[in-house]
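1. Have a look; sequence and predicted model below, questions after that.
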Amino acid sequence: MSLAVTKHAVERFAQRGFKLDDTEIIMQLGTEVEDGYLVCDQECRRVEEQLRTMLRRLDRLRGARLVVEGSTVVTV
């Protein structure tokens, strides 16, 4: 979703060290509240654990090759 941003919001982003791209993360991970989205500790802990899991998997798969023909996995 593309959001319009007010001059006030641009100023607040700059003052608080936010980037406009941060809105996407806030909306994806935050909890929807009455007037927008809120990123709480709970969401941060959940995403941190997911990232740690992904990094462990990525490290295990380093150098892996998946051979595919069309839509069929031939070997790994």
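-> Everything's here; your move.

2. how about the helices of this structure, start to end?
-> 7-16, 22-29, 41-61 (DSSP state H).

3. mind checking how far the longest one is from the chain centre?
-> Going back to what we said before, that points to helix 41-61. Mean-position distance between helix 41-61 and its chain equals 11 Å (CA atoms, centre = their mean, to the nearest Å).

4. what pLDDT, on average, does that helix get?
-> Mean pLDDT, computed over helix 41-61, is 96.

5. relative to helix 22-29, how tilted is it?
-> Taking axes from the mean of the first three to the mean of the last three CA atoms, to 10 degrees, one finds that helix 41-61 is oriented at 90 degrees with respect to helix 22-29.

6. For helix 41-61, list the C-alpha coordinates in PDB.
-> Taking C-alpha atoms only, helix 41-61 is exported to PDB below (Å, rounded to 0.1, in the frame of the first residue of the first chain):
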ATOM      1  CA  ASP A  41       8.600  -5.700  22.600                       C
ATOM      2  CA  GLN A  42       6.500  -8.800  21.800                       C
ATOM      3  CA  GLU A  43       6.700  -8.300  18.100                       C
ATOM      4  CA  CYS A  44      10.400  -7.500  18.200                       C
ATOM      5  CA  ARG A  45      11.200 -10.700  20.200                       C
ATOM      6  CA  ARG A  46       9.100 -12.800  17.800                       C
ATOM      7  CA  VAL A  47      10.800 -11.400  14.700                       C
ATOM      8  CA  GLU A  48      14.300 -11.700  16.300                       C
ATOM      9  CA  GLU A  49      13.700 -15.400  17.000                       C
ATOM     10  CA  GLN A  50      12.500 -15.900  13.400                       C
ATOM     11  CA  LEU A  51      15.600 -14.200  12.100                       C
ATOM     12  CA  ARG A  52      17.900 -16.200  14.300                       C
ATOM     13  CA  THR A  53      16.200 -19.400  13.000                       C
ATOM     14  CA  MET A  54      16.600 -18.200   9.400                       C
ATOM     15  CA  LEU A  55      20.300 -17.400  10.000                       C
ATOM     16  CA  ARG A  56      20.900 -20.900  11.400                       C
ATOM     17  CA  ARG A  57      19.200 -22.500   8.400                       C
ATOM     18  CA  LEU A  58      21.100 -20.200   6.000                       C
ATOM     19  CA  ASP A  59      24.400 -21.200   7.600                       C
ATOM     20  CA  ARG A  60      23.500 -24.900   7.300                       C
ATOM     21  CA  LEU A  61      22.700 -24.400   3.700                       C
END
